[in-house]
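Trainee: Got a sequence here, can you build the structure:
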Amino acid sequence: MTIAEALKRLEKNIQDKELIHHGDKLLLGCSGGADSNAMLYLFSQLRISLNLTLLVIHINHQIRGAESDADENFVKQLCQKLNIPVIIRKVVIPKTGNLENQARKLRFEVFEKILESYNFDKILLAHQKEDQAETVMLNLLRGTGISGMAGIKGIAGKVVHPLLCFSRKELEEILFQAGISWRTDSSNLETKYRRNLLRNRIIPQLEKEFNPELKAHLFFLAEQFAQAETIFKQRSKTQFRRLCIDIQPGKVVFELSPLLKLSPIERYYLFRNAFRYVCGSENDFFAVHFQLIENILNAKGSKWLNLPHKIIVIKQYEDVIVQIETEKEIKGAEPLVIDTDRTMAVYGNYRFNFKYLRVLPKEQTTEEGESRVILDADKINIPFVIRFRQPGDRFIPLGMTQLKRLKEFFIDEKVPKYERDLIPVFDDGEKLFWIAGYRLDNRVRYDESTTHYLQIKATNITVKSRKAILKKKRGNDESDEL
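Mentor: Coordinates of the predicted model:
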């Protein structure tokens with residue numbers, strides 16, 4: 001392959017997959033190895049025609065002593081030769097935990113910090129076809145789903161892999177023609193690292209015993225799975241809009257019955273989409289999490305489970321809720337004292353408005369997420385407090401004459417367990433006189449002799465119009481992501 005042919009292939013890959021745009025500011029990660037050196041050289045040849053701004057970043061992990069320092073000096077000299085500015089960063093990798101993961105985490109922390117500080121657009125990494133094949137094999141051995149089998153993405157957020165259309169041999173040939181050498185990392189031969197073990201022993205043995213074209217086959221599989229995932233993602237966006245019955249910041253709700261009619265793979269992508277909507281990223285949603293969701297969907301009664309990023313999935317009767325877990329902060333709230341001068345208060349997820357009346361209002365209208373009660377103000381002690389339930393709480397529900405345990409009331413009303421600790425109750429020191437949003441105490445109801453009324457309006461401040469939010473998220477284009 002000639003350099004001209006390589007540049008033509010690279011430009012086509014960039015254009016077909018929309019990896020880079022004219023005028024982009026690019027941060028190029030360079031280790032000094034053949035792959036990253038080839039990436040530097042190829043983009044140095046494209047920067048004028050594509051009006052690119054290039055900046056090289058080299059991370060010295062300081063693991064191999066003098067060898068690491070030699071890599072650093074080599075990258076400096078190469079960048080000087082290619083007339084590309086370079087930033088060197090030294091990092092210290094913790095001695096505990098997985099060395100590969102620790103190094104990768106530190107690299108990306110440096111990349112992202114420089115990307116933000118210098119206001120660059122994308123981070124370019126030099127993974128090629130063999131890297132793709134190894135990644136697919138590793139993911140297969142780990143038991144990942146379609147996304148894992150799709151391997152390294154050409155573009156994922158601001159991270160771009162433009163060289164997946166080249167083999168390692170082709171990149172080395174390009175460097176040979178350009179008169180550029182490269183460094184060889186001696187740690188790549190150490191089989192204590194999983195990728196090295198796979199690269200140096202397992203794949204060569206499989207090529208020998210099963211298929212000499214294994215790497216090419218794995219690369220082809222990655223392309224097929226990537227196309228399949230694109231289709232499922234597009235379909236999941238449509239299903240998300242169709243099946244979501246309520247959507248709020250940090251919370252989405254689906255009806256259970258239509259969910260169960262989907263195939264498992266469709267549900268997987270639907271919940272991954274919901275996970276992304278709630279926390280802003282789908283990166284930490286894996287097949288194991290989906291299996292946990294499947295378990296509660298098929299279980300009897302109300303169930304819930306925790307996912308990464310403090311996300312909770314709840315099945316309550318005919319609804320399935322995906323939301324950020326906020327119960328701990330809310331339940332820890334201290335009781336709130338309300339006196340006669342107080343006209344408004346916020347407690348938990350509710351805003352309360354208080355109004356003392358001499359006559360009953362003619363109409364009592366309520367909106368979505370709102371409840372309103374009127375009681376005899378002379379039958380309660382003021383000040384009173386708003387709090388959350390406590391063990392042993394009892395009250396006399398309106399229409400009854402005997403005390404009933406609050407726990408039993410919630411069970412009879414089919415209030416999900418996870419919600420019970422989040423419902424404010426009104427306590428005047430002698431009795432619970434209102435379970436907010438549910439029932440007054442019979443002892444505070446007004447009658448013909450009542451002359452002093454208290455109206456309390458409770459508004460759930462987390463409830464918003466699904467229609468309005470969907471419209472805001474989508475704009476005028478139904479194909480926009482939520």
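
Trainee: R389: neighbour count?
Mentor: R389 has 19 neighbouring residues, counting by other CB atoms under 10 Å. The way it works is simple: take the backbone N, C-alpha and C, and place the C-beta from them, glycine included.

Trainee: In this structure it contacts R420, no?
Mentor: Yes - using CB atoms under 8 Å, R389 is in contact with R420, at 6.6 Å.

Trainee: Give me the phi and psi for L270.
Mentor: phi -60, psi -50 (degrees, to the nearest 10).

Trainee: any idea how far it lies from I324?
Mentor: Distance, L270 to I324, by CB to CB, to the nearest Å: 18 Å.

Trainee: Can you pick out the residue with more neighbours from the two?
Mentor: Higher neighbour count among L270 and I324: L270, with 24 against 13, using other CB under 10 Å.

Trainee: give the contact list for the more buried one.
Mentor: The contact partners of L270, taken as CB atoms under 8 Å, 6 or more residues apart in numbering, are 236, 239-240, 243, 254, 259, 262.

Trainee: In the lengthiest helix in the chain, which of the residues would be classed as buried?
Mentor: As assigned by DSSP state H, the longest helix anywhere in the chain is helix 214-243. Neighbour counts over helix 214-243 (16 or more other CB atoms under 10 Å) mark 214-215, 218-219, 221-222, 225-226, 229, 232-233, 236-237, 239-240, 243 as buried.

Trainee: hey, where'd the helices end up in the stretch 151-300 of the chain?
Mentor: Taking DSSP state H, counting those that start in this stretch, the helices of the stretch 151-300 of the chain run over residues 168-178, 194-197, 203-209, 214-243, 256-261, 264-279, 287-297.

Trainee: weakest of these in terms of mean pLDDT?
Mentor: Lowest mean pLDDT within those: helix 194-197, at a mean of 84.

Trainee: Could you list every helix and strand that that helix packs against?
Mentor: For helix 194-197, the elements it packs on are helix 129-142, judged by 3 or more CB pairs under 8 Å, 6 or more residues apart in numbering; DSSP states H and E.

Trainee: One more pass at 10 Å, please.
Mentor: Applying 3 or more CB pairs under 10 Å, 6 or more residues apart in numbering; DSSP states H and E, one finds that helix 194-197 contacts helix 99-117, helix 129-142.

Trainee: Output those helices in CSV, with mean neighbour count, mean pLDDT and distance to L52 appended to each entry.
Mentor: Shown next, in CSV, are those (neighbours: other CB atoms under 10 Å; pLDDT from 0 to 100; distance: least, CB to CB, whole Å):
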stretch, mean neighbour count, mean pLDDT, distance to L52
helix 99-117, 15, 86, 15
helix 129-142, 19, 90, 23
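
Trainee: would you list these in a markdown table and tack on distance to K17?
Mentor: Output for the helices and strands packed on helix 194-197, formatted as a markdown table (distance: least, CB to CB, whole Å):
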| stretch | distance to K17 |
| --- | --- |
| helix 99-117 | 20 |
| helix 129-142 | 14 |
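
Trainee: Would you tell me which of these gets closest to N13?
Mentor: In terms of CB to CB, the element of these nearest to N13 is helix 129-142, at 11.8 Å.

Trainee: ok, then the element right after the closest one?
Mentor: Using DSSP states H and E, the helix or strand that directly follows helix 129-142 along the chain is helix 146-149.

Trainee: Keeping just the C-alphas, turn that next one into CSV.
Mentor: The C-alpha trace of helix 146-149 is given here as CSV (Å, rounded to 0.1, in the frame of the first residue of the first chain):
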residue,chain,number,x,y,z
ILE,A,146,-24.1,-7.2,21.1
SER,A,147,-22.5,-4.0,22.2
GLY,A,148,-19.4,-5.8,23.5
MET,A,149,-19.2,-7.9,20.4
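
Trainee: Now Y438. Nearest residue, chain neighbours left out?
Mentor: Leaving aside its chain neighbours, Y438 sits nearest to E413 (6.4 Å; criterion: CB to CB, 6 or more residues apart in numbering).

Trainee: Next, that neighbour: phi, psi?
Mentor: Phi and psi for E413, reported as degrees, to the nearest 10, are phi -80, psi 0.

Trainee: Looks like it contacts K404 (just checking).
Mentor: No - with contact defined as CB atoms under 10 Å, E413 does not count as touching K404 (11.0 Å).

Trainee: so what sits against both of those two?
Mentor: Taking CB atoms under 10 Å, 6 or more residues apart in numbering as the criterion, E413 and K404 both touch 397, 439.

Trainee: re earlier: let me have the helices of the stretch 151-300 of the chain in TSV, extended by distance to D427.
Mentor: Supplementary listing: the helices of the stretch 151-300 of the chain in TSV, determined by distance: least, CB to CB, whole Å:
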stretch	distance to D427
helix 168-178	72
helix 194-197	59
helix 203-209	68
helix 214-243	40
helix 256-261	35
helix 264-279	34
helix 287-297	34
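
Trainee: of those, which approaches E318 most closely?
Mentor: Ranking the helices of the stretch 151-300 of the chain by their distance to E318 (criterion: CB to CB) puts helix 256-261 first, at 5.0 Å.

Trainee: by contact count, what packs against that closest one?
Mentor: Secondary elements touching helix 256-261 (3+ CB pairs under 10 Å, 6+ apart): helix 214-243, helix 264-279, helix 287-297, strand 311-316, strand 319-324.

Trainee: Identify each buried residue in that helix, please.
Mentor: L259.

Trainee: Give me the contact list for it.
Mentor: For helix 256-261, the external contacting residues (CB under 10 Å, 6+ apart) are 239, 242-243, 245, 266-267, 270-271, 293, 297-298, 315-320.

Trainee: Just the pLDDT for R372.
Mentor: 89.

Trainee: Skip the chain neighbours and tell me the closest residue to it.
Mentor: Excluding the flanking residues, the one nearest R372 by CB to CB, 6+ apart is K457, at 4.7 Å.

Trainee: With E419 as the reference, measure out to that neighbour.
Mentor: 20 Å.

Trainee: So which of the two has more stuff around it?
Mentor: Neighbour count, other CB under 10 Å: between K457 and E419, K457 has more, with 19 against 14.

Trainee: partners of the more buried one in the sheet?
Mentor: N353, R372 (DSSP bridges).

Trainee: Let me see the contact set for the residue nearest to H309 when sequence neighbours are not counted.
Mentor: Excluding the flanking residues, the one nearest H309 by CB to CB, 6+ apart is C279, at 4.2 Å. Residues in contact with C279, defined by CB under 10 Å, 6+ apart, are 250, 285, 307-311, 322-324.

Trainee: No further questions, thank you.
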